[in-house]
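1. A predicted structure for the sequence below; I have some questions about it.
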Amino acid sequence: MNYFLICSVLLLPYSFAIPIAAETTTEVWKLLQDYLDRFFPSVDKASHHSLEERVRDMQKFFHLKVTGKMDKETLNVMKQPRCGVPDVAENRRGTVRWTKNVLTYRINNYTPDMQPAKVREVIAKAFKVWSDVTPLQFRRTSRPADIEIWFAYGAHGDGNSFDGRGGTLAHAYFPAPGLGGDAHFDESEQWSEYNRETNLFLVAAHEFGHSLGLDHSNVLGALMYPNYSYRNPNTFSLPYDDVNRIQRLYGKKK
């Protein structure tokens, strides 16, 4: 993903819908531009979408009032913890999926926030979310695997740096050679198996959806909705939108 900032001079004609308390104009502009560049990049570089058009796209995706202007509701959405994968597909054409049903995964390191045995249990449970509704099977290995799992701080070698506590929680890569399928979790977060700080099961299950080929969904309540929200892992059931989309890729469980 290419992250870039447009020169602030280009932004001067743009105006906020309402004043935003406790935020300087410069800080808000930087947050807005960075957010759009990360999560709503221009897929067609020749289209030259204006900033207002991109804000409209973002507001529509998150079911906000579509004005093309910054307001408190839009700012609040941008500040929510979320997945680091863009909401608009960038440089990707057509369906992406694995061509096999038995996939391996390797946990390369462990967060100190949880016992290793509990991390293994939670990761297996997150994969089971997807194997329960498809023919897919997941097997943990200590050898190089289809899906490599890492906990990492900041810059960690993939050109997609983490931003510290809050903000982006994790990211994963669509099926492909090399990094394809891999899932990375920001070690700056406080990971938990409970409703405390950031629940590892919920984030992992979401990221593994990307590892299998799913984009983000704009359906509120879907597991693949980009913003993090807690729900009880012990009673979790994969929402219909996610079931329908993953079965389009891999079929139903026999």
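-> Thanks, I have it. Residues are numbered from 1 along each chain as shown.
2. quick one: the helices in the protein?
-> Along the chain, counting by DSSP state H, helices occupy 25-39, 51-61, 72-78, 116-131, 200-211, 240-250.
3. give me the buried positions along the fourth one.
-> Read that as helix 116-131. Buried residues in helix 116-131, counted by 16 or more other C-beta atoms under 10 Å: 118-119, 122-127, 129-131. Every residue, glycine included, has its C-beta placed from N, CA and C.
4. picking that back up, for residue 177, which of the helices of the chain is the nearest?
-> For residue 177, the closest of those is helix 200-211, at 13.8 Å, according to C-beta to C-beta.
5. which among the buried residues of helix 116-131 gets closest to residue 33?
-> Among these, residue 126 lies closest to residue 33 (C-beta to C-beta), at 33.1 Å.
6. I'd say the closest one and residue 211 touch.
-> No: using C-beta atoms under 8 Å, residue 126 is not in contact with residue 211; the gap is 10.3 Å.
7. before we move on, the earlier item: please identify the most buried of the helices of the chain.
-> Ranked by mean neighbour count under mean count of other C-beta atoms under 10 Å, those are led by helix 200-211, which reaches a mean of 25.
8. packing partners of that one?
-> Secondary-structure packing of helix 200-211 (3 or more C-beta pairs under 8 Å, 6 or more residues apart in numbering; DSSP states H and E): helix 116-131, strand 170-172, strand 183-186.
9. show me the contact partners of that helix.
-> Here helix 200-211 makes contact (C-beta atoms under 8 Å, 6 or more residues apart in numbering) with 83, 85, 111, 114, 119, 122-123, 125-127, 129-130, 147, 169-175, 181-183, 185, 191-193, 223-224, 228, 230-231, 233, 236, 242, 246.
10. try it again at 6 Å.
-> 85, 122-123, 125-127, 129, 147, 169-170, 172, 181, 183, 191, 223-224, 233 (C-beta atoms under 6 Å, 6 or more residues apart in numbering).
11. I am finished for the moment; much appreciated.
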